[in-house]
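*Asks:* Model the following, please.
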Amino acid sequence: MRKFFSVFFLFCLLGFAPCAHGQKWKAIKEALVPARAKVVFYAVQRKVESAILRAAAQRTVFAPVRTKNHALRISSLSQFTPENAEILRGHGLPPFPLLEKENEMYRGMVLDPDGKDLRYILRHGLEVSKSHYENFAAYDGKEYPDGILAIYAAHKVSHAESFLYAEAGVKTYLPVIFHLKKLGWRGIVSVPHDIPPSWIYRVSAILKINGRLTWGELKVEKGQFIFIPYPGQPTTKK
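*Replies:* Numbering: from 1, shown residues only. Here you go, the predicted model:
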């Protein structure tokens, strides 16, 4: 109460001394701003400390930023890519949660953990020159020279999933399934040419979110990775 009357008296003095009003008001502002800044600083500090304590109790991860549509905006992908050892120790990857579509075929791949491979593919498509497999029966029924390379894809996700395991010695990697434009009628399709980006409908990936391997759609928007967990996927560690 005494502090209140002191401030009130000070303002009354200003009212009775109009010629010195500007100078005195400037002095008061200079005196009050540091004190106000200190109060705001401690208030923000308490909120941050409370958030950290709650996060520690719930074992949540701070790095991904959740958007309004429950997507995660990820600036650094490497910290969310799974470790090969934990996948082998767990005897496999989590089951793929989506139903297969009539207009899609699927290509499983093991990509580098920082997302450079994925960025390149989304920009340039799948290049047949980088394939390790030879054409066996092209989807279009045409004859191709012996030994020509081809990209394999499957009409069933279960066949594509067999390509999601990394070689021994790999520490971390990004397992992905490309949802591609459906070609041909065979269960395993041989594509002896590049697959353009327009034929890639979606990229499904496995990331480690809050301690769990989680399936979701992975895309690139404005240079950042956006990960949208599929419905029913756990995003918290129990």
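*Asks:* where does P175 land in three-state SS?
*Replies:* At P175 the chain is in strand, as set by DSSP: H, G, I helix; E, B strand; the rest coil.
*Asks:* burial of it, as a residue count?
*Replies:* A count of neighbours around P175, defined by other CB atoms under 10 Å, yields 24. Backbone N, C-alpha and C define where each C-beta goes, glycine included.
*Asks:* May I have the beta-bridge partners of it?
*Replies:* V110 (DSSP bridges).
*Asks:* Now do it, the pLDDT please.
*Replies:* Per-residue pLDDT puts P175 at 96.
*Asks:* if I read this right, it contacts L164, doesn't it?
*Replies:* Yes. With contact defined as CB atoms under 8 Å, P175 counts as touching L164 (4.2 Å).
*Asks:* any common contacting residues for these two?
*Replies:* L93, G108, M109, V110, I206 (CB atoms under 8 Å, 6 or more residues apart in numbering).
*Asks:* Now, of those residues, which are buried?
*Replies:* Neighbour counting with 16 or more other CB atoms under 10 Å marks G108, M109, V110, I206 as buried within those.
*Asks:* From G184, how far off is the last one?
*Replies:* To tie it back to what came earlier, the one meant is I206. Distance from I206 to G184, counting by CB to CB, to the nearest Å: 27 Å.
*Asks:* repeat for R119
*Replies:* 28 Å.
*Asks:* ok, then the element right after the host helix or strand of K208?
*Replies:* Assigned by DSSP states H and E, K208 belongs to strand 200-209. Remark: after strand 200-209, the chain's next helix or strand is strand 212-221, criterion DSSP H and E.
*Asks:* quick one, helices of this protein?
*Replies:* Using DSSP state H, the helices of the chain run over residues 2-16, 21-58, 84-89, 116-124, 157-161.
*Asks:* Can you flag the weakest of the ones you listed by average pLDDT?
*Replies:* helix 2-16 (a mean of 43).
*Asks:* Could you give the number of residues near V220?
*Replies:* 15.
*Asks:* oh, and call the first residue 163 from now on, that's how I've got it
*Replies:* That works, and once the first residue is 163, the last one we named lands at V382.
*Asks:* tell me the contacts of it?
*Replies:* L280, R281, L284, I388.
*Asks:* quick one: which of these has the most company?
*Replies:* Highest neighbour count within these: L280, with 22 neighbours (other CB under 10 Å).
*Asks:* Assess the claim that that residue and V338 are in contact.
*Replies:* Yes. Contact criterion CB under 8 Å: L280 and V338 qualify, at 6.7 Å.
*Asks:* what do the two both touch?
*Replies:* L273, V365, A367, L380.
*Asks:* And the spatially closest residue to the third one that is not a sequence neighbour, how far from L250?
*Replies:* To tie it back to what came earlier, the one meant is A367. Nearest residue to A367 in three dimensions, chain neighbours excluded: L380, at 3.9 Å (CB to CB, 6 or more residues apart in numbering). Going from L380 to L250 by CB to CB gives 22 Å.
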